[in-house]
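A.B. asks: Provide a 3D model corresponding to the input given below.
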Amino acid sequence: MKNGVLLQFIQNHFQTRFRFRNAFEAQLTVQILSRLIGEHPESLLLTRRDVEVLAGFSLDNPALRREYFSKSAMTLLETALDELVTLSVITQRDQGRIRYPLFRSVQLDQVCQRIVFNLNLDVLPQLTDWSRELQQEQERF
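C.D. replies: Residues are numbered from 1 along each chain as shown. Below is the predicted model of the structure:
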C-alpha cells in the first residue's frame, strides 16, 4: 500500500489532518501508526535504529537537526512526534461519541536509544477493527 493511501486511511480513521513539518515527520508518524494498527500491541518499543529505519533518516543528519534547531536527538524526536503523541481515538456508542487518548504514556530515554509507546487499552478494540479494514484495503492494492 502506498504511503499516500495509508496516510489517507489513518487520517480518516483518526479524524484528523496531520500538519507535518517535513518528510521525516510524515514517514515516521505514518510508519508508527501503521505498526500500531497492524499489530495493536499494548506497548511498542522502538530503538534509535528502528526509528531511523522507519523514517528513512539518521537522527544525526545535520540537515534534519537544522530543521528542528536542535542539538539533541531527544528534542528532535519529541518535536517530531508531538502530533502523534496527542492523537485520540473517537468511538461511537449508544450514549454518543467518546474520545480516548491513543497513548497512556510515551517514554523516551535520556540518550535517545529507546522510545516506548504505551497504548491506552481502551483503544485496542478500535485498533483491532481498523486492522481488519486496513488488511482489506491492502488486499485491494
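A.B. asks: Surely Asn117 is within a strand?
C.D. replies: For the record, residue 117 is Phe, not Asn. Yes: counting by DSSP: H, G, I helix; E, B strand; the rest coil, one finds Phe117 located in a strand.
A.B. asks: three-state assignment of the closest residue to it other than its chain neighbours?
C.D. replies: Leaving aside its sequence neighbours, Phe117 sits nearest to Leu44 (CB to CB, 6 or more residues apart in numbering; 4.5 Å). The way it works is simple: take the backbone N, C-alpha and C, and place the C-beta from them, glycine included. Of the three states, Leu44 takes strand under three-state DSSP.
A.B. asks: Hmm, Leu119 and Leu44 touching each other?
C.D. replies: Yes: judged on CB atoms under 8 Å, Leu44 makes contact with Leu119 at a distance of 7.4 Å.
A.B. asks: ok, back up a step: tell me how many other residues surround the residue nearest to Phe117.
C.D. replies: 18 (other CB atoms under 10 Å).
A.B. asks: now do Glu139
C.D. replies: By the measure other CB under 10 Å, the count of residues near Glu139 is 8.
A.B. asks: Tell me who's in contact with the residue nearest to Phe117.
C.D. replies: If you count contacts by CB atoms under 8 Å, 6 or more residues apart in numbering, Leu44 has them with Ile32, Arg35, Leu36, Val116, Phe117, Leu119.
A.B. asks: just to revisit the earlier point, what touches both of Leu44 and Leu119?
C.D. replies: Leu36.
A.B. asks: What segments of the chain are strands?
C.D. replies: Applying DSSP state E to the chain gives strands spanning 43-47, 88-93, 96-101, 103-108, 114-119.
A.B. asks: For those, give me CSV that also has mean pLDDT.
C.D. replies: As requested, these are arranged in CSV below (pLDDT from 0 to 100):
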stretch, mean pLDDT
strand 43-47, 94
strand 88-93, 85
strand 96-101, 90
strand 103-108, 93
strand 114-119, 94
